[in-house]
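# Give the three-dimensional model of this entry:
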Amino acid sequence: METAGVNTNKSYFDGSLLSLLGWMILGSIVTGLTFGFGYPWALCKIYAWQIDHTVIEGKRLHFNGKAMSLLGNWIKWILLCIITFGIYGFWIFVKLEQWKTENTSFEKSV
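A predicted model of the protein is given here:
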């Protein structure tokens, strides 16, 4: 669908390298200062940056995940890794992607 020469069904990403670097540096500092407990916060901020700058078929995505929710899952996943002698580690990437997807939606139009 085109309106006044603008394709409204276009998919694109409008994030900048400078803002990504800023979030990565801040996330690294917070993670280091909190001895790793700030890592879920850093992941949430970077996921939010990535997802909030993504438009699919003219609809902007929005990330609404919270660091405390991810922290709870993160602790559970680490405990499962310890209990299973690291075997559960193979599932963490998939679980993290599932959590990220569950907390992603299309931005509501106003």
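# can you give me the helices in the chain?
Assigned by DSSP state H, the chain shows helices spanning 17-33, 39-52, 67-83, 89-102.
# Mind putting these into a markdown table with distance to K10?
Every C-beta, even on glycine, is put in place using the N, C-alpha and C of the backbone. Conversion of the helices of the chain to a markdown table gives the following (distance: least, C-beta to C-beta, whole Å):
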| stretch | distance to K10 |
| --- | --- |
| helix 17-33 | 21 |
| helix 39-52 | 17 |
| helix 67-83 | 31 |
| helix 89-102 | 22 |
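# and the strand of greatest length in the chain, which strands flank it?
As assigned by DSSP state E, the longest strand anywhere in the chain is strand 59-63. Take DSSP bridges as the rule and strand 59-63 pairs in its sheet with strand 54-56 (antiparallel), strand 104-106 (antiparallel).
# hey, which of the helices of the chain is tucked in deepest?
helix 39-52 (a mean of 19; mean count of other C-beta atoms under 10 Å).
# So what's the gap between that helix and the chain middle?
4 Å (C-alpha atoms, centre = their mean, to the nearest Å).
# quick revisit: from the strands paired with strand 59-63, which stretch is densest packed?
strand 54-56 (a mean of 16).
# what does it contact?
Applying C-beta atoms under 8 Å, 6 or more residues apart in numbering, the contact partners of strand 54-56 are K10, S11, Y12, F13, D14, R60, L61, F106.
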